[in-house]
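K.L.:
make a model of this:
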Amino acid sequence: MATDSESHLQLEIGHVLFIDMVGYSKLLIDEQRERIQELRQIVRGTEQFRLAEAEGKLIRLPTGDGGALVFRNSPEAPVLCALEISKALKTHPELRVRMGIHSGPVNEVTDLNEQMNAAGAGINIAQRVMDCGDAGHILLSKHTAEDLGHYRQWQLQLHDLGQCEVKHGGRLHVVNLHTDELGNPRVPTKFRQAVKKRRRALIAALILFAAAVGAGFYFFSQRPAFKAPDKSIAVLPFQNLSEDKANAYFADGLTEEILNRLAQISALKVPGRTSSFAFKNQNRDLRQIGATLGVAQVLEGSVRKSGDRLRISAQLARTADGYQLWSQVYDRKLDDVFAIQEEIARSIADALSVQLKLSQGNKFERPTQDMGAYDNYLEARALITQRSADNLRRASALLESAVQRDSGFAKAWAALAQARALAPYYRLAATEESLDEAERAARKALAIDDSLAAAHSALADVLRDRFDWLAAEAEYRRALDLNPGEAESHNQYAQMLLKVGHLDAAMEHANRAQELDPLAWVPPSIAGVIYLCRGEFAQSRELLDRSEKLREKLEGFQIRLELLYALSKGDGVLARRALAMARSSPPGEWTVPSNKRLIETMDQAVAYASNPSGPPPNFGRALEEAEALGEPSIGLALAAVEVFVKQPEAALDALWFDYRSPAAADLALIWTPIFQSLRKERRFLELLKAAKLPAYWRQAGWGDFCRSKGTDDFDCPWRPGG
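P.N.:
Now for the predicted structure:
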């Protein structure tokens with residue numbers, strides 16, 4: 001049973017900066033007093049010290065030859081303070097200072113002089129981290145470094161040192177923080193000595209076992225290194241050699257058509273468009289391409305289009321050594337392009353000894369007799385892949401023209417269905433109107449050619465967004481039966497499975513999408529969300545980071561994931577950083593006036609949660625004001641913040657608002673941990689009914705979050721499988 005003093009122990013997480021003057025004990029008494037006074041003035045003069053002290057968020061702990069500062073406002077505060085101190089010390093070479101940083105439990109105590117003081121593991125570990133360094137070092141615990149490593153501005157300044165032996169035989173993993181100007185880039189003495197010690201032990205071991213090692217090396221060196229599967233190929237973008245550079249879409253479209261044809265071969269690994277096109281206009285070594293995409297062969301080529309003439313060259317080469325396995329030049333009329341595509345696909349299949357699916361009668365089929373319609377189709381396909389409102393608008397117009405020229409052009413109908421289904425996500429049209437048009441186009445394509453995987457996939461997207469889950473699932477499966485190597489179908493199916501709470505199946509298809517298109521950013525994002533829904537934060541962080549590295553700038557969906565990740569962890573500082581990214585993101589979803597109004601309210605609310613003063617933000621009024629400016633589309637993000645600040649009714653209002661808005665794109669994200677407390681609420685369960693999820697679960701299985709309660713009722717435990 002706890003004593004009274006134990007029961008009143010108030011622990012909180014403190015962000016500790018421990019400061020020590022190297023060689024202090026060797027100084028004369030007068031020198032010690034002078035140096036400590038100089039150091040005290042430098043520390044007190046830092047901006048972080050002044051800000052934290054003004055907010056009442058700082059505890060000072062003197063130690064004789066230095067001291068500890070416990071910041072209670074931000075995990076970055078001690079790091080920024082350390083860099084400020086390091087900068088000031090450059091003009092004080094007589095002050096040889098080392099610093100250690102760690103975030104951990106700290107409690108306020110009253111010392112023997114009845115003065116407020118601090119103690120706890122957070123301070124002890126910060127001191128031990130510091131003890132691993134020399135003068136000038138700013139050392140961080142691994143825990144603190146991992147928190148900082150989520151932000152780009154810190155990543156280049158963090159340098160892993162490995163484990164350091166500390167008091168009582170313990171070991172701490174330590175990271176060195178330094179820039180070109182600040183900190184100490186040298187490996188600390190303790191680590192160099194440890195390396196020498198290990199090296200001596202290793203040399204002794206090597207001498208004892210030299211014969212065995214030599215024999216082992218002989219046998220193991222005969223084993224081949226890991227290599228890509230023999231039946232694998234990347235179709236790299238064909239070069240556009242036409243005089244009219246605007247014809248680049250034609251070369252890209254031809255590449256994509258060949259890629260899609262080869263992807264239909266179940267025995268052949270073919271990376272998706274995003275990954276293959278990442279090498280466009282890049283003169284990369286074939287070995288590097290093979291290693292990056294995991295393929296043993298690449299298909300390269302060029303296209304020259306002039307009037308009604310077409311010249312296409314194609315070469316198949318091994319990535320291991322560049323050896324050319326096959327090559328051919330086609331000099332034909334433009335309307336022979338379909339025959340050329342088929343001949344190339346068949347030649348590749350023959351060279352790799354795989355079976356190409358053939359059309360009836362063993363003949364290739366022309367998708368259209370109208371080359372103008374085909375040209376429109378290729379240009380539209382290129383625009384759809386470059387997701388933006390303007391590109392989708394232009395693509396739709398081109399595809400409308402294509403199907404008017406040839407109403408039997410199934411591929412154009414399928415592409416039109418995809419463009420129409422995407423329209424609500426880019427605020428181009430009302431949801432129901434767009435989905436109706438998309439469904440008509442998809443069914444028109446299938447009436448012409450029921451074996452067209454792209455049309456089945458487009459129809460599945462429509463049915464998914466209408467909450468017709470069983471029918472959508474059937475269409476995704478049909479699309480993957482027809483084209484098992486199509487990464488986008490796996491990706492979209494994974495998103496549907498995540499929305500219905502079937503996490504294991506969703507992860508299977510998200511992983512398959514990553515394998516097929518390793519340089520695409522969406523599949524690792526979806527995998528990251530799945531881990532987040534499971535409460536596995538470390539794995540989620542790894543996947544979200546991987547996704548973010550594949551894009552130049554974060555925007556839209558990825559910023560929303562950063563916000564939900566932060567709120568699910570209960571990290572207000574991280575959440576405000578995500579909202580800051582939203583404010584500064586490129587023109588798009590987060591920058592429309594209605595959403596910008598809500599971003600300000602969310603930021604104020606998160607700030608209020610950490611420092612309640614004055615009246616809390618009025619969410620209802622903010623939503624009304626946002627609606628007056630337009631149609632906000634970040635209701636789920638708003639709901640997450642409202643849960644964070646313990647306003648569940650406002651959160652449910654926002655979720656219902658988002659459900660009624662164009663394209664319920666965020667439905668998958670209601671399974672993230674921030675919404676756990678809402679899952680027992682009646683209005684949350686009614687939202688699931690409105691999305692027709694219980695009807696799906698009763699036929700397809702209840703998944704990870706909800707369960708049946710008799711014939712007509714159900715509930716959703718707080719945790720997966722709960």
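K.L.:
hang on, residue 604 packs against residue 617?
P.N.:
Yes: using C-beta atoms under 8 Å, residue 604 is in contact with residue 617, at 4.8 Å. Bear in mind the C-beta positions are built from the backbone N, C-alpha and C, glycine included.
K.L.:
who has more neighbours out of those two?
P.N.:
Per other C-beta atoms under 10 Å, whichever of residue 604 and residue 617 has more neighbours is residue 617, with 22 against 17.
K.L.:
got phi/psi on that one?
P.N.:
phi -60, psi 140 (degrees, to the nearest 10).
K.L.:
list the residues that contact residue 263.
P.N.:
Each residue near residue 263 by C-beta atoms under 8 Å, 6 or more residues apart in numbering is listed here: 270, 272, 483-486.
K.L.:
before we move on, what about residue 678?
P.N.:
643, 648, 651-652, 655, 684.
K.L.:
any idea how far it is from residue 686?
P.N.:
Using C-beta to C-beta, to the nearest Å, we find residue 678 at a distance of 12 Å from residue 686.
K.L.:
quick one, longest strand in the chain?
P.N.:
strand 97-110 (DSSP state E).
K.L.:
strands paired with that one, and their directions?
P.N.:
In the sheet, strand 97-110 lines up against strand 11-21 (antiparallel), strand 116-119 (antiparallel), strand 138-141 (parallel) (DSSP bridges).
K.L.:
deepest-packed of those strands, please.
P.N.:
strand 138-141 (a mean of 28; mean count of other C-beta atoms under 10 Å).
K.L.:
still on that earlier bit, and the longest strand of the chain, what's buried?
P.N.:
Buried residues in strand 97-110, counting neighbours by 16 or more other C-beta atoms under 10 Å, are found at 97-104, 106-108.
K.L.:
between those, which is nearest residue 465?
P.N.:
Ranked by distance to residue 465 (C-beta to C-beta), these are led by residue 103 at 42.7 Å.
K.L.:
name whatever forms a beta bridge with the closest one.
P.N.:
residue 15.
K.L.:
where in the stretch 501-650 of the chain is pLDDT low?
P.N.:
631 (pLDDT under 70).
K.L.:
hmm, try it at 90
P.N.:
548-557, 581-601, 604, 608-636 (pLDDT under 90).
K.L.:
likewise the stretch 301-450 of the chain?
P.N.:
In the stretch 301-450 of the chain, residues with pLDDT under 90: 301-302, 304-312, 314, 318-369, 371, 382, 385-390, 423-433.
K.L.:
can you pull out the strands in it?
P.N.:
With strands called from DSSP state E, counting those that start in this stretch, the stretch 301-450 of the chain shows them at 309-318, 324-333.
K.L.:
which one of those lies closest to residue 279?
P.N.:
Nearest to residue 279, of all the strands of the stretch 301-450 of the chain, is strand 309-318, at 13.6 Å by C-beta to C-beta.
K.L.:
any idea of the angle that closest one forms with strand 324-333?
P.N.:
Per axes from the mean of the first three to the mean of the last three C-alpha atoms, to 10 degrees, the angle that strand 309-318 makes with strand 324-333 is 170 degrees.
K.L.:
partner strands of strand 309-318 and their direction?
P.N.:
Strand 309-318 pairs in its sheet with strand 297-306 (antiparallel), strand 324-333 (antiparallel), by DSSP bridges.
K.L.:
pLDDT wise, what is residue 244 at?
P.N.:
The model reports residue 244 with a pLDDT of 74.
K.L.:
against residue 452, how distant is it?
P.N.:
30 Å.
K.L.:
these two - which one has more neighbours?
P.N.:
Taking neighbours as other C-beta under 10 Å, residue 244 and residue 452 compare with residue 452 leading, 21 against 10.
K.L.:
list the contacts of the more buried one.
P.N.:
Per C-beta under 8 Å, 6+ apart, neighbours of residue 452: 410-411, 414, 445-446, 482.
K.L.:
try 10 Å
P.N.:
By C-beta atoms under 10 Å, 6 or more residues apart in numbering, the contact list for residue 452 reads 367, 410-411, 413-414, 442, 445-446, 458, 479, 482-483.
K.L.:
show me whatever sits in contact with both of residue 604 and residue 617.
P.N.:
641, 645.
K.L.:
deepest of the strands paired with strand 309-318, which one?
P.N.:
Across the strands paired with strand 309-318, averaging neighbours per residue (mean count of other C-beta under 10 Å) puts strand 297-306 on top, at a mean of 21.
K.L.:
restricting to C-alpha, output that strand in CSV.
P.N.:
Presented in CSV, the C-alpha positions along strand 297-306 are these (Å, rounded to 0.1, in the frame of the first residue of the first chain):
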residue,chain,number,x,y,z
GLN,A,297,15.3,-6.9,-67.0
VAL,A,298,14.3,-3.5,-68.3
LEU,A,299,12.5,-2.5,-71.5
GLU,A,300,13.6,0.8,-73.0
GLY,A,301,12.8,2.5,-76.2
SER,A,302,12.0,5.6,-78.2
VAL,A,303,9.1,7.0,-80.3
ARG,A,304,9.3,9.3,-83.3
LYS,A,305,5.9,10.4,-84.6
SER,A,306,5.7,12.4,-87.8
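K.L.:
report the buried members of the contacts of residue 678.
P.N.:
643, 648, 651-652, 655, 684.
K.L.:
narrow those residues to those in helices?
P.N.:
643, 648, 651-652, 655, 684 (DSSP state H).
K.L.:
make JSON lines out of those residues and add distance to residue 530.
P.N.:
Formatted as JSON lines, these follow (distance: C-beta to C-beta, whole Å):
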{"residue": "643", "distance to residue 530": "20"}
{"residue": "648", "distance to residue 530": "25"}
{"residue": "651", "distance to residue 530": "23"}
{"residue": "652", "distance to residue 530": "24"}
{"residue": "655", "distance to residue 530": "20"}
{"residue": "684", "distance to residue 530": "20"}
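K.L.:
nearest to residue 577, of these?
P.N.:
Of all these, residue 577 sits closest to residue 643, with 18.8 Å by C-beta to C-beta.
K.L.:
now do the same contact list for that closest one.
P.N.:
567-568, 650-652, 654-655, 674-678.
K.L.:
if we use 8 Å, what do you get?
P.N.:
Residue 643 neighbours (C-beta under 8 Å, 6+ apart): 567, 651, 674-675, 677-678.
K.L.:
next: residue 366.
P.N.:
residue 338.
K.L.:
quick one: it from residue 618, how far?
P.N.:
From residue 366 to residue 618 the distance is 62 Å (C-beta to C-beta).
K.L.:
list only buried entries from the contacts of residue 263.
P.N.:
Applying 16+ other C-beta under 10 Å to these flags 270, 272, 483-486 as buried.
K.L.:
endpoints of stretch 602-622, how far apart?
P.N.:
One end of stretch 602-622 sits 10 Å from the other (C-alpha to C-alpha, to the nearest Å).
K.L.:
what does stretch 15-31 give?
P.N.:
In stretch 15-31, first residue to last residue: 31 Å (C-alpha to C-alpha).
K.L.:
I'd say residue 276 and residue 233 touch.
P.N.:
No: Residue 276 lies out of contact with residue 233 (C-beta under 8 Å); the separation is 9.8 Å.
K.L.:
tell me the helices and strands packed up against the helix or strand harbouring residue 575.
P.N.:
Assigned by DSSP states H and E, residue 575 belongs to helix 572-583. Identification of packing neighbours for helix 572-583 by 3 or more C-beta pairs under 8 Å, 6 or more residues apart in numbering; DSSP states H and E yields helix 556-569, helix 593-610, helix 635-644.
K.L.:
TSV for those helices, including distance to residue 576?
P.N.:
Output for the helices and strands packed on helix 572-583, formatted as TSV (distance: least, C-beta to C-beta, whole Å):
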stretch	distance to residue 576
helix 556-569	8
helix 593-610	5
helix 635-644	10
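K.L.:
tell me which of those is the most buried.
P.N.:
Highest mean neighbour count of the helices and strands packed on helix 572-583: helix 635-644, a mean of 26 (counted as mean count of other C-beta under 10 Å).
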